[in-house]
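Asks: only the shape, not the letters, is given here:
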């Protein structure tokens, strides 16, 4: 007797009828619910404390040298010869008195922010994934390889590229509205590049990770862009490192569940 030919599962990209918007909305809703769990509320403290301490250290040791450097660059700039006749000496002094400190703080704060995000990605994310695996995705078995090494390397190169890119594009902030565009661009890059790998590397095998990044890449960038929009509002800095991790983790773990059928 001839045995019936087993039915092959449909390819991953054809099995789900949900759109990218539906997947992203679901991830944000689940991330919001998970954030109010006591363990996840407690997880907020580590990246926040690291960001606060690093901000204080950067302002303490770097504010004066940085303002002096900016002052020297402005004095040597050819723009000064055009601005002085327009607003006068008193106007130039007033402009420098608030512009230079603002530029110095604006250059230093994102460095503290990206370090806080990296801390959340490397040290808090395993806690987040462990919490979600038990409560929401108990059937998903961890199949990642060298997760810690991959996570640390990913956080390191993303942080370096972010800081370098942020600093070299600062002059473009003088051209409105490029300041807003550049801020959204760099923070979207940081959230997406850092969080999507850290939420996949522990549970997804290398083959699954490659497939998910191909099929759901748009959704990852949408989540990163929304997080970058939230990052424009200072109160969001308190919860965003962990909350963004929860949203990306729900999105990634649901994708792994879908891949494994």
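Replies: Arrived safely, thanks for sending. Keep in mind it's a predicted model, so treat the numbers as computed, not measured.
Asks: quick one: the residue nearest the centre of the chain and residue 61, what's the gap?
Replies: Nearest to the mean C-alpha position of the chain, by CA atoms, centre = their mean, lies residue 191 at 2.0 Å. Using CB to CB, to the nearest Å, we find residue 191 at a distance of 28 Å from residue 61. (Glycine included, C-beta is placed from N, CA and C.)
Asks: go on, residue 25?
Replies: Applying CB to CB, the value for residue 25 to residue 61 is 43 Å.
Asks: hmm, residue 241 is touching residue 118, no?
Replies: No: look at residue 241 against residue 118 with CB atoms under 8 Å: they stay out of range, at 9.0 Å.
Asks: mean confidence for the strand or helix carrying residue 48?
Replies: According to DSSP states H and E, residue 48 maps onto helix 45-76. Averaged across helix 45-76, pLDDT comes to 82.
Asks: and stretch 206-213, by the same measure?
Replies: Averaging pLDDT along stretch 206-213 gives 94.
Asks: so which bits of that stretch are buried?
Replies: For stretch 206-213, burial by neighbour count (16 or more other CB atoms under 10 Å) applies to 208, 209, 211, 212, 213.
Asks: and residue 65, how many neighbours?
Replies: Residues near residue 65, counting by other CB atoms under 10 Å, number 10.
Asks: again with residue 31
Replies: The number of residues near residue 31, taken as other CB under 10 Å, comes to 23.
Asks: could you give the mean pLDDT of the helix or strand encompassing it?
Replies: For residue 31, the host element (DSSP H and E) is helix 20-35. Across helix 20-35, pLDDT averages out at 95.
Asks: list of residues touching that helix?
Replies: Helix 20-35 has contacts (CB atoms under 8 Å, 6 or more residues apart in numbering) with 18, 40-41, 131-132, 135-136, 216, 218-219, 222-223, 226, 239, 242-243, 246-251, 254-255.
Asks: got it, and stretch 131-148?
Replies: Taking CB under 8 Å, 6+ apart as the rule, stretch 131-148 contacts 30, 34, 37, 39-40, 150, 200-206, 208-209, 246, 249-250, 253-254, 256-257, 260.
Asks: in strands, which of these fall?
Replies: Here DSSP state E is the test, and the contacts of stretch 131-148 give no hits in strands at all.
Asks: just the buried residues of those.
Replies: With neighbours counted using 16+ other CB under 10 Å, the contacts of stretch 131-148 contain these buried positions: 30, 34, 40, 150, 200-205, 208-209, 246, 249-250, 253-254, 256.
Asks: all helices of the protein, in order?
Replies: Secondary structure of the chain (DSSP state H): helices located at 12-15, 20-35, 38-43, 45-76, 79-119, 125-135, 147-168, 178-198, 206-215, 217-230, 240-260.
Asks: show me the shaky parts of the chain.
Replies: 1-18, 73-97, 174 (pLDDT under 70).
Asks: before we move on, the earlier item: who's more crowded, residue 241 and residue 118?
Replies: Taking neighbours as other CB under 10 Å, residue 241 and residue 118 compare with residue 241 leading, 29 against 24.
Asks: give the contact list for the more buried one.
Replies: Residue 241 is in contact with 44, 47, 48, 51, 116, 117, 119, 120, 124, counting by CB under 8 Å, 6+ apart.
Asks: can we see that at 6 Å?
Replies: Shown in contact with residue 241 (CB atoms under 6 Å, 6 or more residues apart in numbering): 47, 116, 117, 120.
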